[in-house]
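Engineer: please work out how this folds:
(one chain, ligands or ions: 1)
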Amino acid sequence: MKKEIKIRPFWYSDIWLWPKLITIITTLDKKGTVNAGPYSHIMQYDVMTKNPSLLVGFRQDSHSFVNICDTGEFVVNCPSAENLDDMMETAKFYPEGVNELEFTKFTQIPSLKVAPPSLKECPQIAECTVSEIIRLKKSTGIVIGKIEALVVDEELTMKMLMNVPPPLRKMVIGNTEEEAAEKGQEKVTAKLFTDLAREVGMDTELMDRFRSGG
Ligand SMILES: Cc1cc2nc3c(=O)[nH]c(=O)nc-3n(C[C@H](O)[C@H](O)[C@H](O)COP(=O)(O)O)c2cc1C
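Structural biologist: Sure thing, here's the model as predicted:
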C-alpha cells in the first residue's frame, strides 16, 4: 500500500530517506571558530579530473552557508553508520560561534589544503574551495565547490588496489609509495593513486586485458 505523506520542514532529513548521502560539513567562521553540520543535498558536479566539483545546497541562514560565503572554504566529511548519534548532534541549532563538534566524539584533524578541519573518524573526505555561489530566490543557496583534495582511509585505498590484477599489485604498491615519497606525502592518498595510474596509462581496458590473460 502506498500513501501520500505531508511535506513538513526538513522533510528531506526525516521523511525522504532514500537515496541519501549524509555528510558533515566543517567550516570556519570569520573569527576562526569551527562549525559543523550534516548535509545531504550534495552531488558530484563536474566528474572530469580537470575541475572535480561538488554541488551542495544550504539553507541560506545556516552557519555553514554564511561561513562558506565569508571564507570560501569547506570540508565534506563522510561519516559511517557508527557515527550516527554524533552526526545528529551536529544538526542541533546551536548559537553562532559554537563548535558543535565539542559535543561529539569526533576528532578534528588538520586538513591538507584548506583551513577548516577534517574529521578523523570519517573514512572519506573532500576538501573544497568555492568556485561559485548561487542564491536561489527564497530558497536554497547552492555552493559549487572545487575539490582541492580527496582524502580517504588507507583501507579504502586498499579496496581500490583490489581492482588491479593480482600479479601487478606488488609493483603498483611500490610505485605508488615511491611517488608519495617523491612528492613529500606521508600517506598514499586515493588521489595520488589514481593520478599515477592515469599518468602511466593504467586504464580499465589495459587492466582487463591482464585479467582475461589475453
Ligand atoms: C541527515 C540530515 C541532512 C541534512 N541535510 C541538509 C541539507 O542538505 N541542506 C540543509 O540546508 N540542511 C540540511 N540539514 C539541516 C542542517 O544540518 C541543520 O539545519 C543544521 O542545524 C545546520 O547547521 P549550521 O547552521 O551549523 O550549518 C540536514 C540535517 C540532517 C539531520
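Engineer: which stretches of this protein have low pLDDT?
Structural biologist: Scanning the chain for pLDDT under 70 picks out 157-158, 204-214.
Engineer: kindly recompute the last result at 90.
Structural biologist: Applying pLDDT under 90 to the chain picks out residues 5-6, 8-21, 44-51, 81, 153-180, 182-183, 185-214.
Engineer: how about the residues of it near the ligand?
Structural biologist: Residues of the chain lying close to the ligand (Cβ under 6 Å from any ligand atom) are 13, 22, 35, 37-41, 57-59, 62-64, 91, 93. C-beta here means a position set from N, CA and C on the backbone, and glycine is covered the same way.
Engineer: would you mind listing which of those are buried?
Structural biologist: 13, 22, 35, 37, 38, 39, 57, 58, 62, 63, 64, 91 (16 or more other Cβ atoms under 10 Å).
Engineer: among those, which ones are in strands?
Structural biologist: Secondary structure from DSSP state E places 35, 37, 38, 39, 57, 58 of these in strands.
Engineer: from residue 134, how far out is the last one?
Structural biologist: Read it as residue 58. Distance, residue 58 to residue 134, using Cβ to Cβ, to the nearest Å: 11 Å.
Engineer: quick one, domains of this structure?
Structural biologist: Here the domain parsing of the chain from automatic domain parsing is 11-156, 159-210.
Engineer: need the ones you listed in JSON lines (columns: distance to residue 3).
Structural biologist: Below are the domains of the chain laid out as JSON lines (distance: least, Cβ to Cβ, whole Å):
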{"stretch": "domain 11-156", "distance to residue 3": "12"}
{"stretch": "domain 159-210", "distance to residue 3": "40"}
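Engineer: out of those domains, deepest packed?
Structural biologist: The highest mean neighbour count among the domains of the chain, using mean count of other Cβ atoms under 10 Å, belongs to domain 11-156: a mean of 17.
Engineer: for that one, measure first residue to last.
Structural biologist: For domain 11-156, the first-to-last residue distance is 32 Å (Cα to Cα, to the nearest Å).
Engineer: show me how far that domain is from its chain's centre.
Structural biologist: Offset of domain 11-156 from its chain centre (Cα atoms, centre = their mean, to the nearest Å): 7 Å.
Engineer: same check, this time on stretch 1-9
Structural biologist: Taking Cα atoms, centre = their mean, one finds the center of stretch 1-9 at 31 Å from the center of the full chain.
Engineer: which one of the residues of the chain next to the ligand is nearest residue 152?
Structural biologist: Sorting the residues of the chain next to the ligand by distance to residue 152 puts residue 22 at the head of the list, at 16.7 Å, by Cβ to Cβ.
Engineer: which ones are touching that closest one?
Structural biologist: For residue 22, the contact set (Cβ atoms under 8 Å, 6 or more residues apart in numbering) comprises 38, 39, 40, 78, 79, 87.
Engineer: what's the answer for residue 198, then?
Structural biologist: Here residue 198 is in contact with residue 49 (criterion: Cβ under 8 Å, 6+ apart).
Engineer: check which helix or strand covers it.
Structural biologist: Residue 198 belongs to helix 190-199 when assigned by DSSP states H and E.
Engineer: quick one, helices of this protein?
Structural biologist: Along the chain, counting by DSSP state H, helices occupy 11-14, 63-71, 84-89, 154-161, 166-182, 190-199, 204-212.
Engineer: between the fourth one and helix 166-182, what angle do the directions make?
Structural biologist: Inter-element angle recorded for helix 154-161 and helix 166-182: 130 degrees (by axes from the mean of the first three to the mean of the last three Cα atoms, to 10 degrees).
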